[in-house]
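> coordinates for the following, if possible.
(one chain, ligands or ions: 1)
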Amino acid sequence: MTQKPLVTRPPAPPGAGGIVVTGLRRSFGDVHAVSDMTFSARPGRVTALIGPNGAGKTTLLLMLATLLAPDAGTISVAGHDPVTSPEAVRRVTGWMPDVLGSWNTLSVRRAIRTTALLYGMSAERATERAEELISLVSLDALANAQTRSLSRGQKQRLSLARALVHDPSVLLLDEPASGLDPAARVALRELVRGLARDGRTVLVSSHVLAELEELADDAVFVEAGSTVSAERLARAASAARPWRIRAIGAPDALALALSELQVPRSAVSTIGDSVVVSVTSEDVAADLLAGLVQRGVRVTTFAPAVGDFERTFLDLDREPHAGRPGGGTAAYPAGHDGPRESGDAR
Ligand SMILES: Nc1ncnc2c1ncn2[C@@H]1O[C@H](COP(=O)(O)OP(=O)(O)OP(=O)(O)O)[C@@H](O)[C@H]1O
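Got it, this is the predicted structure:
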C-alpha cells in the first residue's frame, strides 16, 4: 500500500475553479469561530474537512454557502464571491446541511419537485428531475411518503437529492453520512466519488475519519478556527505510526522474531490477538515484514492500525498549537492513485 503523501499546496489563484479561501475570519461576539482559514479545494476531487468539535467547520461551510457573511478574508466558489455575488454562488453550489430543514407535510417527490421549481425549472422539467433524483438516492419506495415520516438516514438521502437538484458544480456536504446504515454509506461514497469524477468540486465534513479515508482525495485540517500549517502537517506525517501484525502459530514465534530484529520492547504492544508495533516509515515497515517472513513467522495481517487522516488528526491533537483549544486548517492531498489497503487493520 502507498502511504498518502503529506504535501501542502498554496491556494489556487482567485478566479480559478473550485473553492479558494484566503485569510477567512468570522466571530460571534467573543467566540472566534473562524479565525484564520486558508485553503483550496479542486474540481474533480473530494476534499475532506477534518477537525474536532467546535473547530469552525460548519461556520466555514455556511460562509461558502452564502448563508453567513465573513468578517474578513476572501472566498471564491467556482470563480464567484459569496459576499458580492451570492446568487451566482447559489446557482453553482449544492448545500447539504448537517440537519435537514424540510417541509414536513410534503411528500419526498413534492419536496424535490418544489425545490426544482424554486431553482426556476419548468413544471415538466421539475417533475422529471424529481424522478431522476429519487432514483439516484434510492428513495423510490418512499417517494410518496411525507418527509416528516422519514428516518434520519432517509432524510440525509432526501437532503442530498435536494442539494443536487440544479446539477451544481460545487457540493458542500456537512456530515452527509450521519445516520446512514453501512450499505447506504457505501452507496453514498460511490455516488459522491462519481459526482467528483464528473468534474465537480466536493467539500465534505465528517467526524468519521475512516469513512473520509475511503471517500476523500485531499484533506483540510481545521483546529480552533484556523487551517493547520504545512509544517505541523509535515511533522505529523513523519511521526511514528502503529502497525498491526497477526500471525498463525505460536505467539512466541512473533515475539521472538521481533526481538531478534531488535525492535525495542517499548515499541511493541498487544491488542487482542494482534501485536501492534510503532514504526517510523514505510521503509522500516517493509524491512520488518521481510525480516519476520525470513524468520519463518507466518504473517496473516501486516497493515497500519489507523488510517492516514486519523493518525494525522491524533498527532495534531497531541501537539501544542496556537489558538483556542480544539481549533486551526491544513491541506493534505490524500492521493487515490493506488489500491487501498483492505482495511482489515482499521
Ligand atoms: N451562531 C453562533 N453564535 C455563537 N457562537 C457560535 C455560533 N455558531 C457557532 N458558534 C461557535 O463557534 C465555534 C465553531 O462552531 P462550528 O459549529 O462552526 O464548529 P464545528 O467544527 O462545525 O463543530 P462540530 O464538529 O461540533 O459540528 C463553536 O465554539 C460554536 O459554539
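
> might one say that residue 35 is in contact with residue 226?
Yes. Taking contact to mean CB atoms under 8 Å, the distance of 5.4 Å between residue 35 and residue 226 places them in contact. Quick note: C-beta positions are derived from backbone N, CA and C, even for glycine.

> between the two, which has more neighbouring residues?
residue 226 (27 against 23; other CB atoms under 10 Å).

> partner residues bridging the more buried one?
Following DSSP bridges, residue 226 is listed with bridge partners residue 36, residue 223.

> gap between the two ends of stretch 23-37?
One end of stretch 23-37 sits 5 Å from the other (CA to CA, to the nearest Å).

> need the contact list for residue 164.
Counting by CB atoms under 8 Å, 6 or more residues apart in numbering, residue 164 touches 94, 133, 136, 171, 195.

> so which of these is the closest to residue 120?
If you rank those by distance to residue 120 using CB to CB, residue 94 comes first, at 15.3 Å.

> which SSE is immediately downstream of the helix or strand containing the closest one?
Residue 94 is part of strand 93-96, with elements assigned from DSSP states H and E. Tracing the chain past strand 93-96, the next element assigned as helix or strand by DSSP H and E is helix 108-118.

> buried stuff in that following helix?
By neighbour count, and taking 16 or more other CB atoms under 10 Å as the criterion, the buried residues in helix 108-118 are 108, 109, 110, 111, 112, 113, 114, 115, 116, 117.

> how close does the third one sit to the ligand?
For residue 110, the distance to the ligand under the criterion CB to the nearest ligand atom, to the nearest Å works out to 30 Å.

> any chance you could map the helices in this protein?
Using DSSP state H, the helices of the chain run over residues 57-64, 86-92, 108-118, 123-136, 152-163, 182-197, 209-215, 230-238, 251-260, 282-294, 308-318.

> okay if I get these as JSON lines plus mean pLDDT?
Converted to JSON lines, the helices of the chain look like this (pLDDT from 0 to 100):
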{"stretch": "helix 57-64", "mean pLDDT": "95"}
{"stretch": "helix 86-92", "mean pLDDT": "94"}
{"stretch": "helix 108-118", "mean pLDDT": "94"}
{"stretch": "helix 123-136", "mean pLDDT": "95"}
{"stretch": "helix 152-163", "mean pLDDT": "90"}
{"stretch": "helix 182-197", "mean pLDDT": "88"}
{"stretch": "helix 209-215", "mean pLDDT": "81"}
{"stretch": "helix 230-238", "mean pLDDT": "74"}
{"stretch": "helix 251-260", "mean pLDDT": "85"}
{"stretch": "helix 282-294", "mean pLDDT": "91"}
{"stretch": "helix 308-318", "mean pLDDT": "74"}
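
> of those, which is nearest residue 21?
Set against residue 21 and scored by CB to CB, these come closest in helix 57-64, at 7.5 Å.

> so is the closest one next to the ligand?
Yes. Looking at helix 57-64 against the ligand by CB under 6 Å from any ligand atom, the contacts come from 57, 58, 59.
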